[in-house]
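Engineer: Let me see the structure of the following:
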Amino acid sequence: MAICEHLLEADDPAPRTPQGCEECMAMGARWVHLRRCLDCGHIGCCDSSPNKHATAHYRAEGHPVMQSFEPGEDWKWCFVHNAMA
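Structural biologist: This next block holds a predicted model:
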C-alpha cells in the first residue's frame, strides 16, 4: 500500500505547547497521550483522553496529519485517509 500524499508532505513544525495538551492545560484537564499537528505544531490529547483534542483540532482546522508526541514514538497518522506511517 502506498503512503498518502499528506503523510509524504507532512512538515515538522515546532510544538506550540511542548509541556502538554494546549486545551487541557487551559481548562485544567488531564490527558493520556499527546499528538502534534504537523501543519501548525498544535499539541492535543489522543482519542483515549477524555477530551480528544487532537481529533477536535483536525475537525476544526482541517490539518490532516498528526504525529505521536510521546517519547520514543515517531509514527504519523493521516485523518483524511485513515493511514499511518
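Engineer: ranges for the strands of this protein?
Structural biologist: Counting by DSSP state E, the chain has strands at residues 34-37, 43-45, 65-68, 76-78, 83-84.
Engineer: now the ones you listed in a markdown table, with distance to Glu23?
Structural biologist: Placement of C-beta: from N, CA and C, glycine included. Written out in a markdown table, the entries for the strands of the chain read as follows (distance: least, CB to CB, whole Å):
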| stretch | distance to Glu23 |
| --- | --- |
| strand 34-37 | 12 |
| strand 43-45 | 7 |
| strand 65-68 | 14 |
| strand 76-78 | 19 |
| strand 83-84 | 24 |
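Engineer: Any idea which of the ones you listed gets closest to Asp11?
Structural biologist: strand 65-68 (8.5 Å; CB to CB).
Engineer: hmm, who's touching the closest one?
Structural biologist: Strand 65-68 is contacted by residues 6-7, 10, 33-39, 44, 54, 57-58, 74-79 when judged by CB atoms under 8 Å, 6 or more residues apart in numbering.
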